[in-house]
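Would you be able to build a 3D model of this:
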Amino acid sequence: MSRSFKSTLLLIIAIISSASVLAEGAKVEAIGACGDSGASDALKKALETKGWRVSLADGAYCEIWLRTSVPAGKTEAPGAVYTTLGESTLVGVITFAKATTDFRGQPIKAGSYTLRYAVHPADGNHMGISPIRDFLVMVPVASDPNPDSQFKFEELAKLSTKASGTNHPAALSLVSIDSAPASPKAEANETNNIVFSVAIKRPSGAPTPIAFVVKGRAEQ
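Numbers count the residues shown, from 1 in each chain. So this is what the prediction gives:
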């Protein structure tokens, strides 16, 4: 066995071990209302007064506040899974305790971002990124003050570049889920991405299960 092969093998083992440690240490705890000074009063009022902190083995990673009631909508895009969410609908807000990356591996600064539903275009720039086409697009809270705003995909993508600092929007991949857990949870999936699962409230009163990757990236 060559020295270079051994080095590569050790590196792969170290990466897998590191991801496993983070996954094993994932936990979710209830916290108070969103208090980010950059968020508008209207945005804060649209969020539940109780949020959720996701911590990993190395400490607090992010905090999530869901919208009090996510409006009814409809998505007819082929391949979409969350078909009862309308394009650009606000789902919640996420705050990262430290710099991280989105699902494309783009750098994301510590701070707070709105989470809006979108279906990525079926083109060469997005094919193969995720098993499903559904994403949550991130926009800095200061740039998204009105929770009821509606955007075309191109408009939302442009706003989101303020989060990514690139020509691509900053996004977290949604994950298919059959039913919501009894209480919010964070755990590793088959690719060692950390997935947050929860139920969002709808005007009908019936909760809708939703899950999305909060830490991890698309397989290369």
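
what helix or strand does the residue most central in space within the chain sit in?
Centroid check for the chain by C-alpha atoms, centre = their mean gives L172 as the closest residue, at 3.7 Å. Here L172 sits within strand 170-173, counting by DSSP states H and E.

can you pull the pLDDT of A77?
Looking at A77, its pLDDT is 87.

which residue packs closest to it, ignoring adjacent ones?
Excluding its sequence neighbours, the residue lying closest to A77 (C-beta to C-beta, 6 or more residues apart in numbering) is V119, at 4.3 Å. C-beta coordinates here come from the backbone N, C-alpha and C atoms, glycine included.

Next, count neighbours for that neighbour.
The burial count assigned to V119 is 23, neighbours taken as other C-beta atoms under 10 Å.

Please look at it and P78 and confirm they touch.
No - at 9.2 Å, V119 does not count as touching P78 under the criterion of C-beta atoms under 8 Å.

So what does the residue lying closest to S197 once chain neighbours are set aside have for phi and psi?
Nearest non-adjacent residue to S197, counting by C-beta to C-beta, 6+ apart: A211, 4.2 Å away. Main-chain torsions, A211, degrees, to the nearest 10: phi -150, psi 140.

what's the following helix or strand after the strand holding L172?
Following strand 170-173 in sequence, per DSSP H and E, is strand 185-188.

outside of the helix or strand following that following strand, which residues touch it?
Counting by DSSP H and E, the element after strand 185-188 in chain order, helix or strand, is strand 194-200. Outside strand 194-200, the residues that touch it by C-beta atoms under 8 Å, 6 or more residues apart in numbering are 22-23, 26, 28, 52, 54, 56, 61, 64, 66-67, 70, 91-92, 175, 177, 180-181, 184-189, 207-216.

Output strand 194-200 as PDB, nothing but the C-alphas.
Output in PDB follows, covering the C-alpha atoms of strand 194-200 (Å, rounded to 0.1, in the frame of the first residue of the first chain):
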ATOM      1  CA  ILE A 194     -27.900  16.900   9.700                       C
ATOM      2  CA  VAL A 195     -31.700  17.100   9.000                       C
ATOM      3  CA  PHE A 196     -34.100  19.100  11.100                       C
ATOM      4  CA  SER A 197     -37.600  17.600  11.200                       C
ATOM      5  CA  VAL A 198     -40.700  19.400  12.500                       C
ATOM      6  CA  ALA A 199     -44.400  20.100  11.800                       C
ATOM      7  CA  ILE A 200     -45.400  23.500  10.500                       C
END
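
Fine by me, thanks again.
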